[in-house]
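A.B. asks: model this:
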Amino acid sequence: MTVSRLRDVPGIGVDRVGDEADRAADPSILRLENLDTDLRPPSEALEATRRAIEDDSANSYLPFLGHDALRQAAAAHVSRLSGVPYDWKRNCIVTAGGLSGILTTLLALLEPGDCVVLTDPTYVGLLNRVRLAGGVPVFAAIVPGRDGWALDHKRLLALQAARPRVVLAMSPSMPSGAVLTAKDWTAIAELCRSTDAWLLYDAAMERILYDHRPYLHPASSPGMAERTITVGSLSKEYRMIGWRVGWIVGPPAPLADIALACISNVVCPVGIAQAAAIAALAAPEQDLASAVAEWQRRRDVVLSELAGLPVIPPGAGWSLLFDAGALDLDGATASRRLMDKGKIAATPMAGWGGPAASRYVRLVFSNESCERLAGVGERVRRALL
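C.D. replies: A predicted model of the protein is given here:
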């Protein structure tokens, strides 16, 4: 019998589509289902990993909250981006990946039944973690348009009545690639202040921004430093998915409880990955800039290929959403037809937010070259039109 905390936790769907593509063993299948990338991590991080394998101090449970040097580097990283001075001992702990940090933070902040605001659509992994922690998700819509996604401020502020304990915001948002603007962060700050809610900021992709969009950190908004908890990760910006290292930076009061929850869960971050994390955080800015430029080229190829079809342009991130509902299909049907008729592995979005999410299918452009993506438009049209 399924325990109650799992009754409303759906599968992600990515693994099912990926397993089917693996079984087909057909190299012509475009792998657009999983949030991976083929761009290599910083060379400095790779070399640090090799050295750490021979370092006995990296093969230990201690220190539980992460190596001092990494906590210093992560706190300095968030301080530089936000403009908020964070002390590494009081304001930062290291986690076994960003999503582990999200779950740990939710476990430390939520009482059973507390409301958590998320955007809709949203990453189902965030939604599932809210439910695992005993929270009740409520949705703030991001509205699709010809030029991208926009946060619905009226519906966001209507959530004051739900008295949320946490606003869980990701920018750029995944799977949509929506980017929160300065006005959006102001509205979110108003909601947090009016309801005394924490802002839990998922910063995993925060600088993967296209078309010269400005970088913004919500802790820099007036009155938000004391109620913003930032969770970062190596996985996206540094292309270090397999290292499983993240960090949590925020005010000292909640950090003490979050640290206790962290120790009670995964015990400690991956030892041999922490030196690599320090090296990655010190990598030249050009490392990320080059990766972002390549991902934008791939996005642009997909948007050009799908011109005239119901896609919502992403302003950032690694993926975009195709509106199968505009073709009188649901996402599951579109995903099936894309695989069968177009040789495209793509994940349907049922469960990735409210009921409207089921109309979408996600296309990940970060893991296929521009050369491979050329022709995706013909494949999609053959499968869906």
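A.B. asks: drop to CA atoms for contacts and neighbour counts, all remaining ones
C.D. replies: OK.
A.B. asks: excluding its backbone neighbours, what's nearest residue 103?
C.D. replies: In space, residue 103 comes closest to residue 129 once its chain neighbours are excluded; the distance is 5.6 Å by C-alpha to C-alpha, 6 or more residues apart in numbering.
A.B. asks: separation between the one you found and residue 110?
C.D. replies: 11 Å (C-alpha to C-alpha, to the nearest Å).
A.B. asks: next one: residue 157
C.D. replies: Residue 157 is 21 Å from residue 110, by C-alpha to C-alpha.
A.B. asks: Let me see the contact set for residue 94.
C.D. replies: 65, 66, 67, 70, 71, 245, 246, 247, 248, 269 (C-alpha atoms under 8 Å, 6 or more residues apart in numbering).
A.B. asks: With neighbour count as extra columns, can I get those residues in JSON lines?
C.D. replies: Formatted as JSON lines, the contacts of residue 94 follow (neighbours: other C-alpha atoms under 10 Å):
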{"residue": "65", "neighbour count": "22"}
{"residue": "66", "neighbour count": "25"}
{"residue": "67", "neighbour count": "19"}
{"residue": "70", "neighbour count": "23"}
{"residue": "71", "neighbour count": "24"}
{"residue": "245", "neighbour count": "27"}
{"residue": "246", "neighbour count": "26"}
{"residue": "247", "neighbour count": "29"}
{"residue": "248", "neighbour count": "31"}
{"residue": "269", "neighbour count": "29"}
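A.B. asks: how does this structure divide into domains?
C.D. replies: What automatic domain parsing lists as the domains of the chain is 4-41+285-384, 43-281.
A.B. asks: Relative to the longest strand along the chain, what are the paired strands and their orientations?
C.D. replies: Counting by DSSP state E, the longest strand found in the chain is strand 136-145. Sheet pairing of strand 136-145 (DSSP bridges) gives strand 115-120 (parallel), strand 148-151 (antiparallel).
A.B. asks: and for the last one, what are the contacting residues?
C.D. replies: Taking contacts as C-alpha under 8 Å, 6+ apart, the residues outside strand 148-151 that touch it are 140-144, 176, 178-180, 184, 312-315.
A.B. asks: what element comes up after that strand heading to the C-terminus?
C.D. replies: helix 153-157 (DSSP states H and E).
A.B. asks: residues in contact with the helix or strand that comes right after that following helix?
C.D. replies: Going down the chain from helix 153-157, the next helix or strand is strand 166-170, by DSSP H and E. Strand 166-170 is contacted from outside by 109-110, 115-119, 188, 192, 197-204, 206, using C-alpha under 8 Å, 6+ apart.
A.B. asks: mean confidence score for strand 166-170?
C.D. replies: Taken as a whole, strand 166-170 carries a mean pLDDT of 98.
A.B. asks: Please tell me how far it is from the chain's geometric centre.
C.D. replies: 11 Å (C-alpha atoms, centre = their mean, to the nearest Å).
A.B. asks: Same check on stretch 271-288?
C.D. replies: 19 Å.
A.B. asks: for stretch 145-157, same thing?
C.D. replies: With C-alpha atoms, centre = their mean, you get 19 Å for stretch 145-157.
A.B. asks: got it, and stretch 141-151?
C.D. replies: Using C-alpha atoms, centre = their mean, the offset of stretch 141-151 from its chain centre is 18 Å.
A.B. asks: tell me which residues in that stretch are buried?
C.D. replies: Across stretch 141-151, burial judged by 16 or more other C-alpha atoms under 10 Å covers 141, 142, 144, 148, 149, 150, 151.
A.B. asks: State the distance from the last one to residue 227.
C.D. replies: In other words, residue 151. 21 Å.
A.B. asks: ok, now the second one?
C.D. replies: Noted for residue 142: a distance of 23 Å to residue 227, by C-alpha to C-alpha.
A.B. asks: re the thing from before, do you know which of the strands paired with strand 136-145 lies nearest residue 382?
C.D. replies: Smallest distance to residue 382 across the strands paired with strand 136-145 (C-alpha to C-alpha): 24.9 Å, for strand 148-151.
A.B. asks: so for that closest one, what's the average pLDDT?
C.D. replies: Mean predicted lDDT for strand 148-151 stands at 97.
A.B. asks: same for the strand or helix carrying residue 254, what does it pack against?
C.D. replies: For residue 254, the element it lies in under DSSP H and E is helix 252-263. Secondary-structure packing of helix 252-263 (3 or more C-alpha pairs under 8 Å, 6 or more residues apart in numbering; DSSP states H and E): helix 88-91, strand 92-95, helix 98-109.
A.B. asks: residues of the second one that come out buried?
C.D. replies: By neighbour count, with 16+ other C-alpha under 10 Å as the criterion, the buried positions of strand 92-95 are 92, 93, 94, 95.
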